[in-house]
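Trainee: Mind looking at a prediction? Sequence and model below.
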Amino acid sequence: MRKSVAALVAALACVAGCGGGGGRGDTSSSPTAAARITVTSTAYADGGTIPRRFTCDAANVSPPLAFSGVPAHTASLALLLQDRSAPHGAFTHWLVWGIDPHTTRLSAGGHPPGATEGRNDFRTPGYGGPCPPRGDRPHRYVLTVYATDGRLSLTAQASRDDLLRALSGHTLATGALTGRYGR
């Protein structure tokens, strides 16, 4: 009996560890796929301070971005910027989908041609820069780029939750850039 249980545990561990993907690295089951996209900005380094220009305290324009490592068979890209330090849970500052998969950079304040910008938690479409409460410690802003296996069918009024539901099971790769900002 003991040997049977040990054999069963070993077999289950092997199946769980292998993932059932036949070695092909199937990463489409969740928005947090294993394949990685590199996301960078000339405005700030990963983990660095977001310059004031890209916040509610100044021009409030999106930062310049660059993407690399997008899988060849990607149908479109999506982007989500969230304040992970917000007092009542993640606060969405920007969500975009339908970005051409051959896009390698976005200029500061740029809108990807043909893409749709959803409703952020300021209840407006488009980019809303970091704007933490005065006196808080610097907040952590995570900008995530998703490579999808198909075009997402969402209305312009879509929220972060709508976007994440649409990405579920359709994400080929992800990448993130984290910045900090305090007031």
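Mentor: Received the coordinates, thanks. Numbers count the residues shown, from 1 in each chain.

Trainee: Show me what the residue nearest to the spatial centre of the chain bridges to in the sheet.
Mentor: Closest residue to the average C-alpha location of the chain: T144 at 2.1 Å, with CA atoms, centre = their mean. With DSSP bridges as the criterion, T144 is bridged to L80, A176.

Trainee: Can you find the helix or strand in this structure with the smallest mean pLDDT?
Mentor: In the chain, no helix or strand scores lower on mean pLDDT, DSSP states H and E than helix 2-18, which sits at a mean of 37.

Trainee: after it comes which helix or strand?
Mentor: Downstream of helix 2-18, the first helix or strand assigned by DSSP states H and E is strand 35-36.

Trainee: tell me how far that following strand is from the chain's mean position?
Mentor: Remark: strand 35-36 is offset 12 Å from the chain centroid, using CA atoms, centre = their mean, to the nearest Å.

Trainee: quick one on the thing from earlier: OK, contacts around the residue nearest to the centre of the chain?
Mentor: 39, 79-82, 174-176 (CB atoms under 8 Å, 6 or more residues apart in numbering). The way it works is simple: take the backbone N, C-alpha and C, and place the C-beta from them, glycine included.

Trainee: In this structure L143 contacts L81, no?
Mentor: Yes: with contact defined as CB atoms under 8 Å, L143 reaches L81; the gap is 4.5 Å.
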